[in-house]
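Provided below are the primary sequence and the corresponding predicted coordinates.
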Amino acid sequence: MCEKLKQYKAEYGDTDVPRKYADDPQLGRWVNTQRSGYKFFTAGKKQCNGMTEDRIQQLESIGFNWGNKQQTWEAMYEKLKQNKAEY
C-alpha cells in the first residue's frame, strides 16, 4: 500500500487520500486505518491497528499527513492560491 500512496502523492502532491476514494477504495481505507492506528499508538493504547515506530518512520519519510486539520487547511489554502495565480 505504501507504493500506492507514493503514486497518489506523485499525482496529487499530498497524502490526503479521501476515506472514500473512488479510484482506489482500498487505499482510502488503508490511509484512514494508518491515521487511526497512529492516534491509538501515540496515546499508548493497545489496539493500534499494528502501528509501530518503523511504520511511522516509513510513512513520515514520504511526508504522510497524520490528520492535522490545521496542516491540511494550510495545504489546501496554498493549492487555492496556486490555482488562482494559474487561472
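Perfect, I can see it now. Numbering: from 1, shown residues only.

can you pull the pLDDT of residue 45?
pLDDT, residue 45: 87.

repeat for residue 5
pLDDT, read off for residue 5, is 97.

who touches the helix or strand harbouring it?
Taking DSSP states H and E as the definition, residue 5 sits inside helix 2-12. Contacts of helix 2-12 with the rest of the structure, by C-beta atoms under 8 Å, 6 or more residues apart in numbering, involve 15, 17, 24, 27, 30, 31, 58, 59, 62, 63, 64. All C-beta spots, glycine's among them, are computed from the backbone N, C-alpha and C.

now, among those, which is nearest to residue 78?
residue 63 (14.0 Å; C-beta to C-beta).

before we move on, back to that, mark which of the contacts of helix 2-12 are buried, thanks.
The neighbour count (16 or more other C-beta atoms under 10 Å) marks 15, 17, 24, 27, 30, 31, 59, 64 as buried among the contacts of helix 2-12.

Surely the fourth one and residue 21 touch.
The reference is to residue 27. Yes - judged on C-beta atoms under 8 Å, residue 27 makes contact with residue 21 at a distance of 5.9 Å.

how about the helices of the chain, start to end?
Along the chain, counting by DSSP state H, helices occupy 2-12, 25-42, 53-61, 69-86.

which of those sits most buried?
helix 25-42 (a mean of 17; mean count of other C-beta atoms under 10 Å).

May I have it exported as CSV, CA atoms only?
Provided in CSV are the C-alpha atoms of helix 25-42 (Å, rounded to 0.1, in the frame of the first residue of the first chain):
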residue,chain,number,x,y,z
PRO,A,25,-11.3,2.5,-2.1
GLN,A,26,-8.8,0.1,-0.5
LEU,A,27,-6.2,2.8,-0.4
GLY,A,28,-8.6,5.3,1.2
ARG,A,29,-9.5,2.8,3.9
TRP,A,30,-5.8,1.9,4.4
VAL,A,31,-4.8,5.5,4.9
ASN,A,32,-7.7,6.0,7.4
THR,A,33,-6.5,2.9,9.3
GLN,A,34,-3.0,4.3,9.5
ARG,A,35,-4.2,7.5,11.0
SER,A,36,-6.4,5.7,13.5
GLY,A,37,-3.5,3.4,14.4
TYR,A,38,-1.2,6.4,14.9
LYS,A,39,-3.7,8.1,17.2
PHE,A,40,-4.0,4.9,19.3
PHE,A,41,-0.3,4.3,19.3
THR,A,42,0.7,7.8,20.4
